[in-house]
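Peer 1: take a look and give me a structure for this.
(chains A and B)
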There are 2 protein chains.
Amino acid sequence: MHHDRRDFLRNAAAIAGGSLLARDAAAQAPRPGAAGRPPQGASRKKMTLSWRPFTAQLRDVFTVAVFSRSTTPIVLTEIAYDGLVGYGEASMPPYLGETQEGCIAFLSKVDLSKYRDPFELETILADVDAIAPGNPAAKAAVDIALHDLVGKLLGQPWYNIWGFPASRTPYTTFTIGIDTAEVVKRKTRQATGFKILKVKLGRENDHEMIEAIRSVTDVPLTADANQGWKDKQKVVDELHWLKERNVVVVEQPLAKDAPLDDVAWITERSPIPILADESCQRLADVRRHLGAVSGINIKLMKSTGMREAHKMVILARSLGMKVMLGCMTETSCGISAASHLSPMVDWADLDGALLISNDPFRGTTIVDGRVTLGPARGIGASLIV
Amino acid sequence: MHHDRRDFLRNAAAIAGGSLLARDAAAQAPRPGAAGRPPQGASRKKMTLSWRPFTAQLRDVFTVAVFSRSTTPIVLTEIAYDGLVGYGEASMPPYLGETQEGCIAFLSKVDLSKYRDPFELETILADVDAIAPGNPAAKAAVDIALHDLVGKLLGQPWYNIWGFPASRTPYTTFTIGIDTAEVVKRKTRQATGFKILKVKLGRENDHEMIEAIRSVTDVPLTADANQGWKDKQKVVDELHWLKERNVVVVEQPLAKDAPLDDVAWITERSPIPILADESCQRLADVRRHLGAVSGINIKLMKSTGMREAHKMVILARSLGMKVMLGCMTETSCGISAASHLSPMVDWADLDGALLISNDPFRGTTIVDGRVTLGPARGIGASLIV
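Peer 2: Have a look, this model is predicted:
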């Protein structure tokens, strides 16, 4: 019965643009069983997936090497099961190619009613992955909601399920976008409390950016070139220049499809670690980066969610690679989900929810610059809007 | 108070040869706080570790390439916390170098009272690992008991916590030891119900062994050379001969310290997968085997327990390596612990508890040759003796 109602809602949501969520559904009368569906045990609990589009409003126009924007399209998901709800999110910055429409089309193909229970995460997520190639954010939206649900069923936050104490978290970087020296100085001044900042490079004004920040603060910096650099020798010279200014790590100096031999050439000559970001999306990408970079940047919206991200951490660690845990601009749903991995990484870059003004969730927070995990079960995010 | 009592028991156990277990302890009156210990919150729950030596009696004298024996020394562990008990085991076949005495000396150095709760498995097990090098079985005895405890606290069996359904398990091999043709035929006939058998090779009578088995059954075989072969070209010839007799995989053809280039030479020419066993103990060993073998045999008593074994599976899978899950002669405690990993592997070799006549645990069983997981929480083993 519950199953039928949720199937109705799922279809209705797909048609109407996905405006319904589980808590809305609870107010609706159950719908009689649809014709043609084989009868199933009424007592059997089932998972049902629902979703709604959401537009994250950025506090500031966000500029990196290749684009600017003021909103991020998101799809929020819920998986209801046995009186519990798991929350998930797909964040889809336009330049990555996924859209709310495409995400919802993908989610409408996910049938969770056929699984016996949510615990067979590996089976379910392998099936979801096989629905279509690509769609990493849409897949993450299922993965995160499922992990939230399973964590609630297990009665523990995921950091505990994964074997870490809440206390063992890193500082997070706070990102200073590309802008004029005056704006960069103002944003840097506003970022007091952060023990490490991230600077977006890869345009003409890299030195101006760094010097503007350095005129305000001495905290360590991470730098993200966002594929913005080209000449190998110039990159190495730049890395030495950055090292002298206490930049401690650099992400993605070259284009994501640059030959890994070129990346390795730079890494061998770099005085600071080089991380792959855009060129390393999923688990299968990690191995080919071995030897070419010092480490990888893992993001749930690239990795298809928590499960594969967790494996990527284990793989990278086992191969002696460093790990940064990053994010898109996301609500506190996605950021909370990622934060459970933070005890396992070298650098956290989890400021995504701080950058938006209409966060519908409360979850993992940043306290004195540190990723601060709460005691709540699952991913630890609660819907407040 | 509980802490003090258990510290007393731990010390008493170490002195008296470790004859006390947690359930015995429950009958004892609490002991007043020992002098010199700083007062701690009486309400704070603490983990306490206890142990006892146990001698597993083998149903048959067990013969492989380099030795024979009729018992296996074991140490059984318990971790008590908040009214729950987690069970663990160290199985120490003598040729591997660990002893009951050494295991108990190691366990007496483990102080679990200092941890806030059992969920910080990664922290605790890293600390345990750092107490001394080696001692993989002793470390596994802590790891397994801790996983059992945490699984009980989470209210689920570990296969569910790891994301797999109980139904997705492989057949297990049943081992036919090196013996005369008549004995081998008899043991093979007794092994009806097993869909795959494992044969120990590496002595003079390899062909006789295989032909004796093949005179009785057509089921696929796995072969374990246990470091017993030497000449590379002869090994390759032998592999072709074995392939023709439906041997589907071969473990450890050469000595564990043989050059990996020699192993790779064989693997490249082998018509069936070659697995590393003795030469691949822990997570750090996996990477250097990449390219030299088709896969690895993971055993809890080599890997220091479930946590590292789970990571080894993820690592091997991510690197495209095949995985066999093996065991020593173990009670149903160790076998149950390993069985939660079985949904993730290519071949299971979990007959260890079937080989002993005095199994003190009931847990994962073998039904119609298949590893059969129960619904019980944790590792799913209960003490019956």
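
Peer 1: in which helix or strand would I find the closest residue to residue A:100 other than its chain neighbours?
Peer 2: Counting by Cβ to Cβ, 6 or more residues apart in numbering or on different chains, the nearest residue to residue A:100 once its immediate chain neighbours are dropped is residue A:53, at 4.4 Å. The way it works is simple: take the backbone N, C-alpha and C, and place the C-beta from them, glycine included. Taking DSSP states H and E as the criterion, residue A:53 maps to strand A:48-64.

Peer 1: given the helix or strand following that strand, what are its sheet partners and their directions?
Peer 2: Past strand A:48-64, heading to the C-terminal end, the next element that is a helix or strand (DSSP H and E) is strand A:67-81. Each strand pairing with strand A:67-81, determined using DSSP bridges, is listed with its direction: strand A:48-64 (antiparallel), strand A:84-91 (antiparallel).

Peer 1: so of those strands, which one's packed in deepest?
Peer 2: strand A:84-91 (a mean of 28; mean count of other Cβ atoms under 10 Å in any protein chain shown).

Peer 1: roughly how far out does that strand sit from the chain middle?
Peer 2: Relative to the centre of its chain, strand A:84-91 is centred 13 Å away, using Cα atoms, centre = their mean, to the nearest Å.

Peer 1: now that strand: average pLDDT?
Peer 2: Mean pLDDT, strand A:84-91: 98.

Peer 1: hang on, the residue nearest to residue A:100 packs against residue A:77?
Peer 2: No - with contact defined as Cβ atoms under 8 Å, residue A:53 does not count as touching residue A:77 (10.8 Å).

Peer 1: could you measure from the closest residue in space to residue A:241 that isn't next to it in sequence over to residue B:100?
Peer 2: Ranked by Cβ to Cβ, 6+ apart and with sequence neighbours excluded, the top spatial neighbour of residue A:241 is residue A:207, at 7.5 Å. Here residue A:207 is placed at a distance of 66 Å from residue B:100 (Cβ to Cβ, to the nearest Å).

Peer 1: can you list the domains in chain A?
Peer 2: Taking automatic domain parsing as the domain assignment, the ranges for chain A are A:2-155, A:160-383.

Peer 1: show the end-to-end separation of the last one, please.
Peer 2: When you say that, I think you mean domain A:160-383. Taking Cα to Cα, to the nearest Å as the measure, domain A:160-383 stretches 22 Å from start to finish.

Peer 1: what does chain A have sitting close to chain B?
Peer 2: For chain A, the residues found near chain B under the criterion Cβ under 8 Å from any Cβ of the partner chain are A:116-117, A:119-123, A:125, A:153-156, A:160-165, A:168, A:283-284, A:286-287, A:307, A:311, A:314-315, A:318-319, A:343-344.

Peer 1: and with 7 Å instead?
Peer 2: Where proximity means Cβ under 7 Å from any Cβ of the partner chain, the interface of chain A facing chain B comprises A:116, A:119-123, A:154-156, A:160-161, A:163-165, A:168, A:283, A:286-287, A:307, A:311, A:314-315, A:318-319.

Peer 1: can you give me the helices in the stretch 101-250 of chain A?
Peer 2: A:121-131, A:136-154, A:158-161, A:181-190, A:206-214, A:232-244 (DSSP state H, counting those that start in this stretch).

Peer 1: return the most buried member of the ones you listed.
Peer 2: Per-residue neighbour counts averaged over each of the helices of the stretch 101-250 of chain A give the maximum for helix A:136-154, namely a mean of 29 (mean count of other Cβ under 10 Å).

Peer 1: and for residue A:257, nearest residue in space, chain neighbours not counted?
Peer 2: Distance criterion Cβ to Cβ, 6+ apart; nearest residue to residue A:257, sequence neighbours excluded, is residue A:279 at 7.3 Å.

Peer 1: tell me how many other residues crowd the one you found.
Peer 2: Using other Cβ atoms under 10 Å in any protein chain shown as the criterion, residue A:279 is surrounded by 22 other residues.

Peer 1: I'd say it and residue A:259 touch.
Peer 2: No - counting by Cβ atoms under 7 Å, residue A:279 stays clear of residue A:259, with 10.6 Å between them.

Peer 1: okay, now the unreliable bits of chain A?
Peer 2: Scanning chain A for pLDDT under 70 picks out A:1-43, A:62-67.

Peer 1: which non-adjacent residue is nearest residue A:376?
Peer 2: By the measure of Cβ to Cβ, 6+ apart, the closest residue to residue A:376 outside its immediate chain neighbours is residue A:157, 6.2 Å from it.

Peer 1: please apply the same query to residue A:368.
Peer 2: Closest residue in space to residue A:368, ignoring its immediate chain neighbours: residue A:193 at 6.0 Å, by Cβ to Cβ, 6+ apart.

Peer 1: so how far is chain B from the one you found?
Peer 2: The gap separating residue A:193 from chain B is 27 Å, by Cβ to the nearest Cβ, to the nearest Å.

Peer 1: cool, residue A:359 as well?
Peer 2: Between residue A:359 and chain B the distance, using Cβ to the nearest Cβ, works out to 28 Å.

Peer 1: for residue A:260, same thing?
Peer 2: 17 Å.

Peer 1: what's around that residue, how many residues?
Peer 2: By other Cβ under 10 Å, the residues close to residue A:260 number 18.

Peer 1: list the residues that contact it.
Peer 2: Contacts for residue A:260 were tallied using Cβ atoms under 7 Å, 6 or more residues apart in numbering or on different chains; they are A:288, A:289, A:292.

Peer 1: for residue A:288, what are its contacts?
Peer 2: Contact analysis of residue A:288 by Cβ under 7 Å, 6+ apart lists residue A:260.

Peer 1: name the helix or strand for it, please.
Peer 2: Using DSSP H and E, residue A:288 sits in helix A:283-289.

Peer 1: just how off-centre is that helix within its chain?
Peer 2: 18 Å.

Peer 1: repeat that for stretch A:208-219.
Peer 2: The chain centroid and the centroid of stretch A:208-219 are separated by 28 Å under Cα atoms, centre = their mean.

Peer 1: what do you get for stretch A:98-108?
Peer 2: When distances are taken as Cα atoms, centre = their mean, stretch A:98-108 is centred 17 Å away from the chain's centroid.

Peer 1: contacts for that stretch next, please.
Peer 2: Outside stretch A:98-108, the residues that reach it (Cβ under 7 Å, 6+ apart) are A:10, A:14, A:18, A:49, A:51, A:53, A:73, A:75, A:77, A:90, A:92, A:131-132, A:135, A:137-138, A:141.

Peer 1: need the helices of the stretch 101-250 of chain A in JSON lines (columns: distance to residue B:108).
Peer 2: Written out in JSON lines, the entries for the helices of the stretch 101-250 of chain A read as follows (distance: least, Cβ to Cβ, whole Å):
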{"stretch": "helix A:121-131", "distance to residue B:108": "38"}
{"stretch": "helix A:136-154", "distance to residue B:108": "33"}
{"stretch": "helix A:158-161", "distance to residue B:108": "28"}
{"stretch": "helix A:181-190", "distance to residue B:108": "54"}
{"stretch": "helix A:206-214", "distance to residue B:108": "53"}
{"stretch": "helix A:232-244", "distance to residue B:108": "48"}
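
Peer 1: residues touching residue A:379, list them.
Peer 2: The contact partners of residue A:379, by Cβ under 7 Å, 6+ apart, come to A:87, A:144, A:147, A:148, A:151, A:158, A:336, A:337, A:340, A:363.

Peer 1: check the gap between it and residue A:146 for me.
Peer 2: 10 Å.

Peer 1: before we move on, what about residue A:380?
Peer 2: Separation of residue A:380 from residue A:146 (Cβ to Cβ) stands at 15 Å.

Peer 1: same check on residue A:75?
Peer 2: For residue A:75, the distance to residue A:146 - Cβ to Cβ - is 15 Å.

Peer 1: please apply the same query to residue A:322.
Peer 2: Residue A:322 sits 29 Å away from residue A:146, taking Cβ to Cβ as the criterion.
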